[in-house]
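> could you look at this predicted model? Sequence included:
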There are 2 protein chains.
Amino acid sequence: MPPPLPVYLDHNATTPLGEAARAAMEPFLRENFGNASSRHEYGRRARAAVDTAREQIAEAVGAKPGEVVLTSSGTESNNTFIKGAAVLSLRAAVAVGATEHPCVLCAARALARGGIGNIPVAVNENGELDWDDLRQTLAPAKEGAAKGCALVSVMLANNETGVIQDIKKTAEIAHGHGALMHTDAAQAVGKIPVNFAELGADAMTVSAHKAGGPKGAAALIVRAGVEWLPLLDGGGHEGGRRSGTENVPGIVGMGAAFAEAAANVQVRAKAMCELRDAMETELRAAGARIFAAAAPRLPNTSLFGFDGIDGETLVVMLDQSGFAAASGAACSSMKDEPSHVLLAMGVPPEKAQTAVRASLSPQTTKSETTAFTAATAQITQNIRRLSAVL
Amino acid sequence: MPPPLPVYLDHNATTPLGEAARAAMEPFLRENFGNASSRHEYGRRARAAVDTAREQIAEAVGAKPGEVVLTSSGTESNNTFIKGAAVLSLRAAVAVGATEHPCVLCAARALARGGIGNIPVAVNENGELDWDDLRQTLAPAKEGAAKGCALVSVMLANNETGVIQDIKKTAEIAHGHGALMHTDAAQAVGKIPVNFAELGADAMTVSAHKAGGPKGAAALIVRAGVEWLPLLDGGGHEGGRRSGTENVPGIVGMGAAFAEAAANVQVRAKAMCELRDAMETELRAAGARIFAAAAPRLPNTSLFGFDGIDGETLVVMLDQSGFAAASGAACSSMKDEPSHVLLAMGVPPEKAQTAVRASLSPQTTKSETTAFTAATAQITQNIRRLSAVL
């Protein structure tokens, strides 16, 4: 018998494949293996499945099927729009939230090689976008934005803190300065309702594996009429907007997962929020501080820390105790630096270094979070006791 | 009972997922769902699986694990190297074979926006690279290559005709002119032995779904020391060479499929070649011409045509008779143009328009190919009879 798997409280890093997605994918990993561009029965089955999934994805996020460009990852979606729209514009820079995911920050920085600047937009101490800084960034007078910003990219929900940004307002300000608005909504789908049309953004990134779908499937949602240079040229798939043989099983799984997530999001968000709040009450009782607690946050996400206790150490000891949590984002967790998200919020490095993230799923139970907070309290007590004598 | 599935003779478009790959993927679609960058048990299991798959892929194609950059598709691999290496170089153009896959041709053409030219290298009437034209293209005197070519991209095996190019010689000529050598080997793996080190190329594209692996997984093999600008920036995955959460099940499936394909390629190639040759004898007897028959070809591929009979029409009627074949490449089969591959070989448009591709797998049986050639003969007779009276 293998040892039991740890309690998984790292759903912002990735989620298990849901049953609906798995069942939908199964025939496309078996007899319906065709290339969706083939003009025969195998091809038609694959094409029909891709079409259905596209409709499911569109409906789940308040978009039209024609606005859905299928990609392989959130990173690809973000790189595609930020690079492709910026290069196509004649403007001098892009503006990106200071707490964006590394793939947004790095895509924006990569534009420097083409002479396009990138300007981080500040957040306040709660992790919410600083409106004055956004307006100043977009005002032509500001240095580095002489010819204005091509686009603004601000995430709908932060992967580390869970902080939810006001995208509608951000888009209004961006549009007021002639800039396009892109939002990374990878962390939002399945946790809060997401409606592309209502957000008012020109482009939006979503990813399957953050919402019960498979890894390797994602989408860039782009409002009709908005143009950008494709990153992947070739056979002309996705209306010439993203070439490459469609990952049919992945796309089908994403469609099923998004449909399931959207249908249940209200009930699940409420349940996760209650569980998360109870968990945070227990963590606070054990001496933890909760980061960004004053901001609107995803219902499933808690970023906390204990003064003087390194977050990475705590995560390792929790792992040894049978709990899977995260210190910082998984995508960059091979790097031992304090979170750029917390630093941007003005959290001092020594406090940022304490951060541990617990992110729940609709399947997470009260007994799991209670065991987690008890283990966390025990481990931090042990570390404190040891450091007192060493 | 659903009707039986058609006989599948379109393995160059995509292959069914093999049992070895499916079995290897299964745990990673279930309990081992972790993010390979996560620092806990789920993450370690995913990371170990990605490491193993990377070794399998490397060994299957004669490369080192550190030379394997995991991507989402052959299209992504081709775009990544052609664009990324060309932009990083200070040279004026890239040279690409005239019969390359659309994703190579279009990636090269996209460089024009950055002022980098693209020069097609001619092929002879057999579809083999024209050495004189390659040397002239790379000679600094040639117009459009004033500062030389950054790289040469020539496919190892053509997707439509199956023609195998002499990559070793191409690489020697490219290197003699200070150009990098890239080869798209997506169609070669599992059909002929592929050895990156022996080919002498600097970079090579391979794709899982062409060799019994899943869609959504591929790799760019790059010789150590060769540099290029990444297409996808972000969390620093793949040593900073390709960011984005690893598609763990896809990667694991690719590793298993490649290991299985490489272990059996010699025996399978021989068997497929005998079957293909017998099929072509029958097709010739029915009046077909075989394209590129004089060139070294993949053992599984046959591109043929009947004078005066539109290839697309024949494919549609074969589909109605229970046979899945292709007219042109699946990746661009939504376009009704004669094959650029055949046109580059000097085939007149009216002959190119007749082309139909049958591509076999190691599982294809003699009774399947015999039924296929009989149906093809019958359909072409019917078409001829009808056109005589209409």
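Sure thing, it's come through.

> and after the lengthiest helix in chain A, which helix or strand comes next?
For chain A, the helix with the greatest residue count under DSSP state H is helix A:248-285. Sequence order places strand A:289-290 as the next helix or strand after helix A:248-285, per DSSP states H and E.

> quick check: angle from the longest helix of chain A to helix B:248-285?
If you take axes from the mean of the first three to the mean of the last three CA atoms, to 10 degrees, helix A:248-285 sits at 180 degrees to helix B:248-285.

> can helix A:248-285 be said to contact chain B?
Yes: Helix A:248-285 lies within reach of chain B by CB under 8 Å from any CB of the partner chain, at A:248-250. The C-beta positions use only the backbone N, C-alpha and C, and glycine is treated the same way.

> may I see the buried residues of that helix?
The neighbour-count check on helix A:248-285 (16 or more other CB atoms under 10 Å in any protein chain shown) flags A:248-262, A:265, A:268-269, A:271-273, A:275-276, A:279-280, A:282-283 as buried.

> repeat for stretch A:382-390
Under 16+ other CB under 10 Å, the buried positions of stretch A:382-390 are A:Ile383.

> now the strands for the stretch 251-390 of chain A?
A:289-290, A:301-305, A:323-324, A:356-359 (DSSP state E, counting those that start in this stretch).

> let me have those strands in JSON lines, extended by mean neighbour count and mean pLDDT.
Formatted as JSON lines, the strands of the stretch 251-390 of chain A follow (neighbours: other CB atoms under 10 Å in any protein chain shown; pLDDT from 0 to 100):
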{"stretch": "strand A:289-290", "mean neighbour count": "17", "mean pLDDT": "98"}
{"stretch": "strand A:301-305", "mean neighbour count": "27", "mean pLDDT": "98"}
{"stretch": "strand A:323-324", "mean neighbour count": "24", "mean pLDDT": "98"}
{"stretch": "strand A:356-359", "mean neighbour count": "28", "mean pLDDT": "98"}
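
> tell me which of those strands sits nearest to chain B.
Comparing these against chain B with CB to the nearest CB, the closest turns out to be strand A:323-324 (4.0 Å).

> how about that closest one, does it get close to chain B?
Yes: legend: contact between strand A:323-324 and chain B by CB under 8 Å from any CB is shown at A:323-324.

> give me the distance between the two termini of stretch A:153-170.
End-to-end distance of stretch A:153-170 (CA to CA, to the nearest Å): 9 Å.

> that stretch vs chain B: in contact?
No: counting by CB under 8 Å from any CB, chain B is not contacted by stretch A:153-170; separation bottoms out at 10.7 Å.

> again, but for stretch A:231-247
Yes: counting by CB under 8 Å from any CB, contacts between stretch A:231-247 and chain B involve A:231-237, A:243-247.

> can you check stretch A:292-307 too?
No: Stretch A:292-307 does not reach chain B (CB under 8 Å from any CB); its nearest approach is 15.4 Å.

> ok, so of the residues of helix A:248-285 next to chain B, who is nearest B:Asn159?
Among the residues of helix A:248-285 next to chain B, A:Val248 lies closest to B:Asn159 (CB to CB), at 18.7 Å.

> show me what contacts that closest one?
A:28, A:32-34, A:36, A:46, A:49-50, B:215 (CB atoms under 8 Å, 6 or more residues apart in numbering or on different chains).

> need the pLDDT of it.
According to the per-residue confidence, A:Val248 scores 98 in pLDDT.

> separation between it and A:Gly216?
Per CB to CB, to the nearest Å, A:Val248 is found 11 Å from A:Gly216.

> tell me where the model's unsure across the stretch 51-200 of chain A.
Where the stretch 51-200 of chain A drops to pLDDT under 70, the residues are A:141-146.

> swap the cut-off to 80 and go again
The stretch 51-200 of chain A contains residues with pLDDT under 80 at A:140-147.

> now the helices for it?
Counting by DSSP state H, counting those that start in this stretch, the segments of the stretch 51-200 of chain A that form helices are A:74-88, A:102-110, A:131-138, A:167-176, A:196-199.

> quick one: closest of these to B:Gly97.
That would be helix A:74-88 among the helices of the stretch 51-200 of chain A, by CB to CB, at 26.9 Å.

> now the closest one: buried residues?
Along helix A:74-88, these residues count as buried under the neighbour rule (16+ other CB under 10 Å): A:74-86.

> of the residues you listed, list those near chain B.
Counting by CB under 8 Å from any CB, A:74-76, A:78-79 from these sit close to chain B.

> ends of stretch A:214-222, how far apart?
End-to-end for stretch A:214-222, by CA to CA: 22 Å.

> and that stretch with chain B, contact?
Yes: using CB under 8 Å from any CB, stretch A:214-222 reaches chain B at A:214-217.

> of these - the most surrounded one?
A:Ala217 (34 neighbours; other CB atoms under 10 Å in any protein chain shown).

> that one contacts A:Glu246, doesn't it?
No: in this structure, A:Ala217 is not within contact of A:Glu246 by CB atoms under 8 Å, at 9.6 Å.

> and for these two, which residues touch both?
Shared contacts of A:Ala217 and A:Glu246, defined by CB under 8 Å, 6+ apart, comprise A:Leu70.

> next one: the nearest residue to A:Leu314 once chain neighbours are set aside from A:Gly346, what distance?
Spatially, and ignoring its direct neighbours in sequence, A:Leu314 is nearest to A:Val356 (5.3 Å; CB to CB, 6 or more residues apart in numbering or on different chains). In this view, A:Val356 and A:Gly346 are 19 Å apart by CB to CB.

> repeat for A:Asn79
Noted for A:Asn79: a distance of 29 Å to A:Gly346, by CB to CB.

> with A:Asn78 instead?
Separation of A:Asn78 from A:Gly346 (CB to CB): 25 Å.

> and what of A:Val61?
32 Å.

> who's in contact with the nearest residue to A:Thr364 once chain neighbours are set aside?
Spatial nearest neighbour of A:Thr364, excluding adjacent residues (CB to CB, 6+ apart): A:Leu275 at 6.3 Å. By CB under 8 Å, 6+ apart, A:Leu275 lies in contact with A:360, A:364, A:366, A:369.

> make TSV out of those and add neighbour count and distance to B:Ala95.
Shown next, in TSV, are those (neighbours: other CB atoms under 10 Å in any protein chain shown; distance: CB to CB, whole Å):
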residue	neighbour count	distance to B:Ala95
A:Leu360	27	54
A:Thr364	22	56
A:Lys366	11	64
A:Thr369	23	60
